[in-house]
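Provided below for reference: sequence and predicted model.
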Amino acid sequence: MIYWCKSEKKQSYLTNKTFEDWNIKIFEDKPGDHKCYACSFRYEEDKSCNLVNTQISFPKGTCAFFAFGKASEIKSQGDKIASDTAGYAVSDSEVNCGTCIHFKSKSCLVWEEIVGSKQCCMAWEK
Ligand code: SF4
Ligand code: SF4
């Protein structure tokens, strides 16, 4: 797990308990393509997201709150996060460190660790 940001030597506020309870992770160790079709917040029946308030694309969408997992079995009736806040984006390429603008020479420019090209984190940007 990566905890420290190079620019600010402090633990990220994103590790707080609320996010842990929601199964939201800063860093996704499991390699793969980190898109909506593989995210635990997806709701298969109408191809929607239980967390982000926008029409998502299962094959191309992603956001900062991606978490690998089985699809949600129940459609959320609660308030959702705005797509801008969630950093929702679409990509024709895989979403992982290998396609992130912060990935240089097998290392991440944001976090103080070497990361694998197939891993990912909340700070992914294309
Ligand atoms: S928009 Fe974000 S939280 Fe929702 S399914 Fe896609 S990656 Fe998961
Ligand atoms: S390269 Fe991008 S996606 Fe990978 S850990 Fe760094 S910021 Fe996150």
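Now that the structure is in, tell me what you want to look at. Ligands and ions are numbered 1, 2, ... in the order given.

From now on I want contacts and neighbour counts done on CA atoms only, so please keep to that.
Fine.

ok now stretch 112-126, how far from the chain's centre?
Chain-centre distance of stretch 112-126: 10 Å, with CA atoms, centre = their mean, to the nearest Å.

List the buried residues of it.
Judged by neighbour count using 16 or more other CA atoms under 10 Å, the buried positions of stretch 112-126 are 113, 115, 116, 117, 118, 119, 120, 121, 122, 123, 124, 125.

Need those in TSV (columns: secondary structure and distance to ligand 2).
Converted to TSV, those look like this (DSSP: H, G, I helix; E, B strand; the rest coil; distance: CA to the nearest ligand atom, whole Å):
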residue	secondary structure	distance to ligand 2
113	coil	8
115	coil	6
116	coil	8
117	coil	7
118	coil	8
119	coil	6
120	strand	4
121	strand	4
122	coil	6
123	coil	5
124	coil	4
125	coil	6
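
Could you pick out the residues of this protein near ligand 2 for me?
When proximity is defined as CA under 6 Å from any ligand atom, the chain approaches ligand 2 at 96, 97, 100, 102, 103, 108, 110, 120, 121, 123, 124.

and residue 32, what does it touch?
When contacts are counted by CA atoms under 8 Å, 6 or more residues apart in numbering, residue 32 is found next to 94, 95, 96, 118, 119.

Not counting sequence-adjacent ones, nearest residue to the fourth one?
The one in question is residue 118. Nearest non-adjacent residue to residue 118, counting by CA to CA, 6 or more residues apart in numbering: residue 31, 4.6 Å away.

Fine by me, thanks again.
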